[in-house]
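In: Structure, please.
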Amino acid sequence: MVVRLANPGESQSLTDLCVRSKAHWGYDAAFMKLSAAALSVSEGDIAAGHVLVAVDDASGVIGMACVLLEGDASDLDALFIDPPASGSGVGRMTILADPNAAAFYERMGARYLRNAPSDAIPGRTLPFYEYDLTSRTVA
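Out: Reported below is the predicted structural model:
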């Protein structure tokens, strides 16, 4: 699997993925109709570089995320996984953390995995976390 920026022209196929992902949970037609605007991926967000896609060689695009900047913070505006890829780990990210930030990541719901080599200082190890972006855990 690789993660890349969404390409211009992918808005409809990504919107379709979002709809499939949401519908997978058994929502009725009325709910899905009300959700249509929120499930739409805009060409503007793609052009601005806000939309990332996860691509699997065998299946093509299997997930998408839209991250919007809001002042000094970022907002995970959308994260959808194609139902056949659900449970495959597509919705997870890893964090190589500064030790001083470890408590913050834990409060945000990240799970400590192990210490891992620093990407900057040879011989130094840092806490390595996993965060499941699909979880509903809120700190």
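In: Now do the contacts for His24.
Out: Pro83, Ser86 (CB atoms under 8 Å, 6 or more residues apart in numbering). Where you see a C-beta, it was placed from the backbone N, CA and C, and this is true even at glycine.
In: my bad, Leu96
Out: Ala116, Ser118, Asp119, Leu126, Pro127, Phe128.
In: In terms of model confidence, name the weakest of those residues.
Out: By pLDDT, Asp119 ranks lowest within the contacts of Leu96, coming in at 83.
In: pretty sure it is in a strand, no?
Out: No. Secondary structure of Asp119 (DSSP: H, G, I helix; E, B strand; the rest coil): coil, not part of a strand.
In: picking that back up, show me which pair in the contacts of Leu96 is furthest apart.
Out: Using CB to CB, the two most remote members of the contacts of Leu96 are Asp119 and Pro127, lying 13.0 Å apart.
In: and the two? which has more neighbours close in?
Out: Pro127 (19 against 8; other CB atoms under 10 Å).
In: dump the residue contacts of that one.
Out: Leu96, Ala97, Pro99, Ala102, Tyr105, Tyr112, Asn115, Ala116.
In: Quick check on these: which are buried?
Out: Listed as buried from the contacts of Pro127 are Ala97, Ala102, Tyr105; burial here means 16 or more other CB atoms under 10 Å.
In: Out of these, flag the one nearest to Ile46.
Out: Of these, the one sitting nearest to Ile46 (CB to CB) turns out to be Tyr105, at 29.1 Å.
In: Could you pick out the longest strand of the chain?
Out: For the chain, the longest strand by residue count, based on DSSP state E, is strand 60-70.
In: Tell me where the protein has helices.
Out: Here the chain has its helices, by DSSP state H, at 11-23, 29-39, 43-47, 102-107.
In: which of the ones you listed sits most buried?
Out: Neighbour counts (mean count of other CB atoms under 10 Å) averaged over each of the helices of the chain peak at helix 11-23, with a mean of 18.
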